[in-house]
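>>> pasting the sequence and the predicted coordinates here, then a few questions.
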Amino acid sequence: MAQAALRLTALAEALLGEALPVRIRAWDGSEAGPHGAPVLVVRHRRALRRLLWKPGELGLARAWVAGEIDVEGDLYGALGRLAGLIWERGGEPKDSVHPVLDPRLRAAAKELVRLGGALPPPAPPAEEMRRRTGRLHTRRRDKEAISHHYDVGNDFYELVLGPSMVYSCAYWESPDATLEDAQRDKLDLVCRKLGLQEGDRLLDVGCGWGSMAIHAAREYGARVVGITLSREQAAYARKRIAEEGLTDRIEIRVQDYRDIKDGPFDAISSIGMAEHVGSVRYAEYADILHGLLKDGGRLLNHQIARRPERDESAYEIDEFIDKYVFPDGELAPLGHTLAALEEAGFEARDVEPIREHYALTLRQWVANLEADWRRAVGLTSPGRARIWRLYMAASALSFERNRIGVNQILAVKTPEGGASGMPLRARSWN
């Protein structure tokens with residue numbers, strides 16, 4: 001008699017200490033759990049071996065990427081129920097009882113062995129980032145990390161992001177607006193906050209596929225230098241710029257921000273870039289941007305932020321994100337970012353939190369991916385498409401629940417005389 005689902009449900013509830021809020025369907029066809037709930041499908045017992053060898057998030061992530069577990073029904077509903085039960089419960093102290101000495105965990109491990117087998121430990125999926133060279137956030141290691149995330153194929157990003165090719169939070173007038181309109185409004189908001197004028201020299205750090213550079217040059221007459229570490233992004237951006245007839249106004253470089261020597265610039269935009277910099281380099285990053293601006297120049301820093309920890313030494317990078325999405329990426333609390341910018345010499349003039357906007361953006365990207373799933377898989381791999389679906393859906397929930405946020409910080413390199421050049425009513429953005 002098939003009963004794997006019942007045994008898995010009993011095991012999960014014993015570990016969690018409460019009823020499992022999703023239904024389980026196991027590889028043997030058995031089902032258990034509440035009727036009408038989203039269904040967690042365990043397609044292969046290999047998923048259990050992954051959890052045995054890598055308990056927690058990384059084991060689950062590997063099983064998901066490999067297609068050994070899936071969700072049938074509402075993905076957001078399933079993630080919401082599981083997040084509240086597992087990821088948002090709060091962990092044990094780091095010096096808690098060792099798993100080997102905990103009889104409850106020892107019993108769970110034995111049950112996993114009985115259900116899934118102990119050997120061999122499954123190899124990680126091919127999409128997992130393995131090799132990283134050198135110390136954290138060296139030029140070479142940063143280039144490897146950026147390539148892992150962005151050099152996936154421009155056609156795949158077109159499918160997910162839509163025609164705007166903007167890979168950052170849009171700015172929504174209403175939830176009924178189109179993604180294209182919301183992304184255009186975001187780019188225009190950045191240009192207005194920077195006070196761009198005809199002939200101004202703009203540095204776009206982490207320029208992506210060139211959308212910000214094109215908007216600033218076409219709509220405001222700016223002369224733009226865009227930098228990226230992704231050769232695929234640079235090639236795509238240059239092609240778009242040529243098609244727009246803007247090659248005389250925009251230069252796209254494959255260049256590290258630490259190697260820019262041709263300042264000063266009138267303005268700098270850093271949109272979704274600072275998350276890649278890392279805490280060990282952030283003060284240097286802020287110093288470099290400050291040095292590249294002219295007196296009175298403005299910086300628009302658009303950056304995801306995490307909630308602060310009471311004990312910041314307890315902060316750990318999310319394993320799934322680190323291995324499969326943004327290698328070496330780090331989120332900092334808003335206060336830390338503001339402090340670093342001020343210590344570099346910037347005057348912070350405005351902070352606009354827009355986390356709800358990112359939730360709307362991510363849900364639209366997930367819808368784009370799901371609407372053309374077969375093509376997405378063909379453009380990359382089944383594992384890569386699954387990574388993106390899980391990452392974006394889970395991130396949307398994190399923004400909605402205020403676990404993470406995103407902020408636009410407008411800062412000025414105010415000269416010693418104190419004349420910032422800002423309007424008295426800054427939010428008019430004239």
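It's in.

>>> switch to C-alpha atoms for all contacts and neighbour counts from now on
Will do.

>>> how many neighbours does the residue lying closest to residue 306 once chain neighbours are set aside have?
Distances taken as CA to CA, 6 or more residues apart in numbering place residue 404 nearest to residue 306, at 4.5 Å, with adjacent residues excluded. Residue 404 has 20 neighbours, counted by other CA atoms under 10 Å.

>>> chain center to the top strand by length along the chain: distance?
In the chain, assigned by DSSP state E, the strand with the most residues is strand 293-306. Centre-to-centre, strand 293-306 and its host chain are 19 Å apart (CA atoms, centre = their mean, to the nearest Å).

>>> does the residue nearest to residue 306 really touch residue 307, like I thought?
Yes: look at residue 404 against residue 307 with CA atoms under 8 Å: they come within range, at 6.1 Å.

>>> contacts only, for the closest residue in space to residue 209 that isn't next to it in sequence.
Leaving aside its chain neighbours, residue 209 sits nearest to residue 237 (4.6 Å; criterion: CA to CA, 6+ apart). Taking CA atoms under 8 Å, 6 or more residues apart in numbering, we find residue 237 in contact with 208, 209, 210, 211, 252.

>>> and the strand or helix carrying residue 237, which residues are buried?
Using DSSP states H and E, residue 237 sits within helix 231-244. Judged by neighbour count (16 or more other CA atoms under 10 Å), helix 231-244 contains these buried residues: 231, 232, 233, 234, 235, 237, 238, 240, 241.

>>> mean confidence score for stretch 60-71?
Stretch 60-71 shows a mean pLDDT of 96.

>>> stretch 187-198 too?
So the average pLDDT for stretch 187-198 ends up being 98.

>>> please apply the same query to stretch 234-242.
On average, stretch 234-242 scores 97.

>>> returning to that earlier point: can you put the buried residues of helix 231-244 in JSON lines and add distance to residue 320?
Compiled in JSON lines, the buried residues of helix 231-244 are given as follows (distance: CA to CA, whole Å):
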{"residue": "231", "distance to residue 320": "25"}
{"residue": "232", "distance to residue 320": "24"}
{"residue": "233", "distance to residue 320": "24"}
{"residue": "234", "distance to residue 320": "27"}
{"residue": "235", "distance to residue 320": "29"}
{"residue": "237", "distance to residue 320": "29"}
{"residue": "238", "distance to residue 320": "32"}
{"residue": "240", "distance to residue 320": "33"}
{"residue": "241", "distance to residue 320": "35"}
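
>>> of these, which is the nearest to residue 27?
For those, the residue nearest residue 27 by CA to CA is residue 232; the value is 40.3 Å.

>>> next up, phi/psi of the residue nearest the centre of the chain, please.
Centroid check for the chain by CA atoms, centre = their mean gives residue 326 as the closest residue, at 6.7 Å. Dihedral pair for residue 326: phi -120, psi 80, per degrees, to the nearest 10.
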